[in-house]
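Participant: okay, predicted coordinates and the sequence, questions at the end:
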Amino acid sequence: MSVATLDGRTVRVALLGCGTVGSEVTRMLIDDADELAARVGAPVELAGIAVRRPDKHPELPQHLLTADAGKLVESDVDVVVELIGGIEPVRGWLLTALRKGKSVVTGNKALLSEYAAELAEAADTSGADLYYEASVAGAIPLLRPLRESLAGDRITRVMGIVNGTTNFILSAMDSTGAGYAETLDEATRLGYAEADPTADVDGYDAASKAAILASLAFHSRVTASDVHREGIAGISASDIGAAKLLNRTVKLLAICERVTADDGTESVSARVHPVMIPRSHQLAGVGGAFNAVYVEAEAAGELMFYGQGAGGAPTASAVLGDLVAAARNRVAGGRGPRESAHAALPVRPMGQTPTRYHISLDVADKPGVLAQVAQVFAVHGVSIAAVRQRDRLSTASLVIVTHLAPDAALQATVEEISKLDVVREVVSVMRVEGEDS
Ligand SMILES: NC(=O)c1ccc[n+]([C@@H]2O[C@H](COP(=O)([O-])OP(=O)(O)OC[C@H]3O[C@@H](n4cnc5c(N)ncnc54)[C@H](OP(=O)(O)O)[C@@H]3O)[C@@H](O)[C@H]2O)c1
């Protein structure tokens, strides 16, 4: 099926939600109307704006406002731009829009990371466009490069900082040496963290984005619930200190990889957790609320995408980009490239995913300790890449960095080590990425 052509009329847009991002989209649609019309090849008309409380929006054109988003979706519009957020009732509205052949532009990572398959199927059936560039890494053009520019290459890895709140907190802990709770309070006071920071600090937001990135990069369906998730609430000042001693820093990373087993079968690993990376790594220098994503592809090599990962105007830029693309397709009478999930790679459980650990221990200062600890690594088949030892009165500190091993083997190693009589305390355990320079 193909969507109705415009027959020379304007592209009519329904905007659902006019908060932080929607208000900037409205401003750009009104202020840049002539420019947008020239780029699209037809005028782009804002046909209606749905908000929860129309009486709270005296700044908006009153004749466009409605509290009935469902009715606006059903009206005579060509493109629905959704900037409300959450799953229901938005999912129902967007399915209705797509089934009726109306293109959808959204920044809703929570919805896309669980229901992309259902929405894409509705779009494919009616021939409408489904675009969601703003759902990952705000202003940064990332999903279109994955979906279009790199469509002929083979992506092996997508790894990045996709949550500004946690990046702000970890950057601040690194520069001040302060603890997690104290730094979170400061982030909340400065407006970098929400009053309820759970979605950010527990890694839910980053896991949704990892699911979207993995799905596009590996042509497979990965949902947020498939993504292994650990947040930053357990990161202590001593973890940050341990990283500093190794000339490393701690970042919350979303890591999506194509993993090839010994028998040649492929799977996808998608995870979000804190990682120690060398200070010389490109991602180490990404501070504050910025986002950066590093992509590796077989032919292209290494690519890095960097910019503002949130905020009204930056995110509106990504929304407008999608809106112009959808509107151009209307004018041309077609649709953009469809998504493909043809590879259907399975998601590899975290326990089988190869990772590397940094382990910092306080141990008894007596002979034979290192041999006992090394024996536990050997039993679990984990090989040690580097060991550092320092003496402090009656205890010594032992820092071990491993080679790659299945995550479950590393977890089991740490558990057994913590029970050794010679180990007084496991000071810090964290996964590491990147080679030391
Ligand atoms: N903020 C960012 O930096 C950012 C970045 C990337 C992606 N996003 C995504 O963009 C979306 C919007 O985020 P935001 O920060 O702009 O949200 P927001 O400031 O909370 O705005 C939400 C808007 O939705 C409206 N709304 C809520 N329930 C509604 C309902 N039942 N019917 C009609 N309208 C309803 C609200 O109306 P009232 O104004 O009347 O309350 C408000 O205008 C989310 O999916 C978010 O994840 C945001």
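Facilitator: Received it, and whenever you're ready, just let me know what you need. Numbering: from 1, shown residues only.
Participant: and the residue of the protein nearest the ligand?
Facilitator: Here the residue of the chain nearest the ligand is G19; by C-beta to the nearest ligand atom that distance is 1.9 Å. In this view, the C-beta of every residue, glycine as well, is placed from N, C-alpha and C.
Participant: number of nearby residues for the spatially closest residue to that residue that is not a sequence neighbour?
Facilitator: In this structure, G19 finds its nearest non-sequential neighbour in L83, 6.9 Å apart by C-beta to C-beta, 6 or more residues apart in numbering. Residues lying near L83 (other C-beta atoms under 10 Å) number 27.
Participant: next one: P406
Facilitator: Residues near P406, counting by other C-beta under 10 Å: 18.
Participant: for the longest helix along the chain, packing partners?
Facilitator: The residue-count maximum for a helix in the chain (DSSP state H) belongs to helix 312-332. Contact partners of helix 312-332 among helices and strands, from 3 or more C-beta pairs under 8 Å, 6 or more residues apart in numbering; DSSP states H and E: strand 11-16, helix 20-31, helix 33-40, strand 44-50, strand 79-82, strand 103-106, strand 130-131.
Participant: dump these to a markdown table, plus mean pLDDT and mean neighbour count.
Facilitator: Output for these, formatted as a markdown table (pLDDT from 0 to 100; neighbours: other C-beta atoms under 10 Å):
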| stretch | mean pLDDT | mean neighbour count |
| --- | --- | --- |
| strand 11-16 | 98 | 26 |
| helix 20-31 | 97 | 19 |
| helix 33-40 | 96 | 14 |
| strand 44-50 | 97 | 22 |
| strand 79-82 | 98 | 26 |
| strand 103-106 | 98 | 28 |
| strand 130-131 | 98 | 26 |
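Participant: let me know the pLDDT of the residue nearest to G19.
Facilitator: With respect to pLDDT, L83 scores 98.
Participant: cool, and S394?
Facilitator: 60.
Participant: could you number the chain from 49 rather than 1 from now on?
Facilitator: That works, and once the first residue is 49, the last one we named lands at S442.
Participant: and the strands in the stretch 349-485 of the chain?
Facilitator: Assigned by DSSP state E, counting those that start in this stretch, the strands in the stretch 349-485 of the chain fall at 349-356, 402-412, 432-440, 443-450, 453-454, 471-480.
Participant: what pairs with the first one, parallel or antiparallel?
Facilitator: In the sheet containing strand 349-356, its partner strands are strand 338-345 (antiparallel), by DSSP bridges.
Participant: domain ranges for this protein?
Facilitator: Domains of the chain are assigned by automatic domain parsing as 59-186+360-380, 191-356, 398-480.
Participant: point out where this protein drops to low pLDDT.
Facilitator: Scanning the chain for pLDDT under 70 picks out the ranges 49-56, 439-442, 484-485.
Participant: near the ligand, which residues of it?
Facilitator: Residues of the chain that fall close to the ligand, judged by C-beta under 6 Å from any ligand atom: 64-70, 98-101, 104, 117, 131-133, 155-157, 182, 186, 358-359, 363.
Participant: which residue lies farthest from the center of this structure?
Facilitator: Most distant residue from the mean C-alpha position of the chain: P415, 46.5 Å away (C-alpha atoms, centre = their mean).
Participant: any figure for the gap between that residue and A444?
Facilitator: Note on P415: its distance to A444, by C-beta to C-beta, to the nearest Å, is 11 Å.
Participant: before we move on, the earlier item: nearest to S388, out of the domains of the chain?
Facilitator: domain 191-356 (5.1 Å; C-beta to C-beta).
Participant: what's the span of the closest one, first residue to last?
Facilitator: This stretch, domain 191-356, spans 15 Å end to end (C-alpha to C-alpha, to the nearest Å).
Participant: again, but for stretch 218-237
Facilitator: Its start and end residues considered, stretch 218-237 measures 16 Å (C-alpha to C-alpha).
Participant: could you pull up the residues touching P402?
Facilitator: Under the criterion of C-beta atoms under 8 Å, 6 or more residues apart in numbering, the neighbours of P402 are V307, L452, A453, P454, D455.
Participant: at 7 Å what do you get?
Facilitator: With contacts defined as C-beta atoms under 7 Å, 6 or more residues apart in numbering, P402 is in contact with L452, A453, P454.
Participant: over to A235?
Facilitator: Per C-beta under 7 Å, 6+ apart, neighbours of A235: T213, F216, I217, A241.
Participant: name the SS class of it, please.
Facilitator: Look at A235: counting by DSSP: H, G, I helix; E, B strand; the rest coil, its state is helix.
Participant: with adjacent residues omitted, what lies nearest to it?
Facilitator: Leaving out its chain neighbours, the residue that sits closest to A235 by C-beta to C-beta, 6+ apart is A241, at 4.1 Å.
Participant: what sits against the one you found?
Facilitator: Contact analysis of A241 by C-beta under 7 Å, 6+ apart lists T213, L232, A235, D248.
Participant: restricted to helices, list these.
Facilitator: Secondary structure from DSSP H places T213, L232, A235, D248 of those in helices.
Participant: is it possible to export those to CSV including distance to G140?
Facilitator: Below are these laid out as CSV (distance: C-beta to C-beta, whole Å):
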residue, distance to G140
T213, 29
L232, 35
A235, 35
D248, 27
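Participant: which ChimeraX command selects the buried ones in the residues you listed?
Facilitator: Selecting only the buried entries of the ones in helices among the contacts of A241 in ChimeraX, with 16 or more other C-beta atoms under 10 Å as the criterion:
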select :213,232,235,248
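Participant: which residues does H329 contact?
Facilitator: H329 sits next to G482 when contact means C-beta under 7 Å, 6+ apart.
Participant: so how far is L218 from it?
Facilitator: Note on H329: its distance to L218, by C-beta to C-beta, is 14 Å.
Participant: how about the helices of the stretch 99-248 of the chain, start to end?
Facilitator: Applying DSSP state H, counting those that start in this stretch to the stretch 99-248 of the chain gives helices spanning 117-122, 138-147, 157-174, 191-192, 212-224, 228-237, 246-249.
Participant: same check on the stretch 249-398 of the chain?
Facilitator: In the stretch 249-398 of the chain, the segments counted as helices under DSSP H, counting those that start in this stretch are 252-266, 285-293, 360-380.
Participant: just these: most buried one?
Facilitator: Greatest average neighbour count among these goes to helix 252-266 (a mean of 27), per mean count of other C-beta atoms under 10 Å.
Participant: I'm done for today, thanks for sticking with me.
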